[in-house]
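Asker: how would this look folded up:
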Amino acid sequence: MTAEERLSQLELLVAESLGVLDRHTAQLKQLQNSVGQLISASSQHSDTLSFLLREQLAMKGDIAEMKGDIAEMKGDIAEIKSDIVEMRTHQVSMDGKLDQILNLLQKPGA
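Answerer: Prediction:
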């Protein structure tokens, strides 16, 4: 084989190798773009999750506060019920006294 023939064969091999390298380079650029998009999406999801967790924590605090308020209201309602029972008792007592007064007023000779 002459030097010219060897050179021709080497040129074909180099051209083929360069073609493969070009395809690999293009694929690596696509992969790099895809990885960049994934990183961006992951960052956005991370921000969203952080926001949701902060909001959940705030809501837990609000719920705890509401539970305290509800417990206080239950106590107030129990006190109101007790006051109503007491008022009914006084009303019955007053009714009895009014009946006695009316009886005294209706008696002849009083």
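
Asker: Could you use CA atoms for every contact and neighbour count after this?
Answerer: Fine.

Asker: For this structure, give me the ranges with low pLDDT.
Answerer: By pLDDT under 70, the low-scoring segments of the chain are 109-110.

Asker: Swap in 80 and give it another go.
Answerer: 1, 108-110 (pLDDT under 80).

Asker: Point to the residue nearest the middle of it.
Answerer: By C-alpha atoms, centre = their mean, the chain has its centre lying nearest to Q56, at 3.8 Å.

Asker: check which helix or strand covers it.
Answerer: According to DSSP states H and E, Q56 maps onto helix 3-106.

Asker: neighbours around L28, how many?
Answerer: By other C-alpha atoms under 10 Å, the residues close to L28 number 12.

Asker: And I80, by the same measure?
Answerer: Neighbours of I80 (other C-alpha under 10 Å): 12.

Asker: D22 too?
Answerer: Here the count is done by other C-alpha under 10 Å, and D22 has 12 residues near it.

Asker: about what we covered before: list the helices and strands the helix holding Q56 packs on?
Answerer: Contact here means 3 or more C-alpha pairs under 8 Å, 6 or more residues apart in numbering; DSSP states H and E; on that basis helix 3-106 packs against no helix or strand.

Asker: Could you measure from Q44 over to L52?
Answerer: Distance of Q44 to L52, computed by C-alpha to C-alpha, to the nearest Å: 12 Å.

Asker: and the helix holding Q56, how far out from the chain's middle?
Answerer: For helix 3-106, the separation from the chain centroid amounts to 2 Å (computed by C-alpha atoms, centre = their mean, to the nearest Å).
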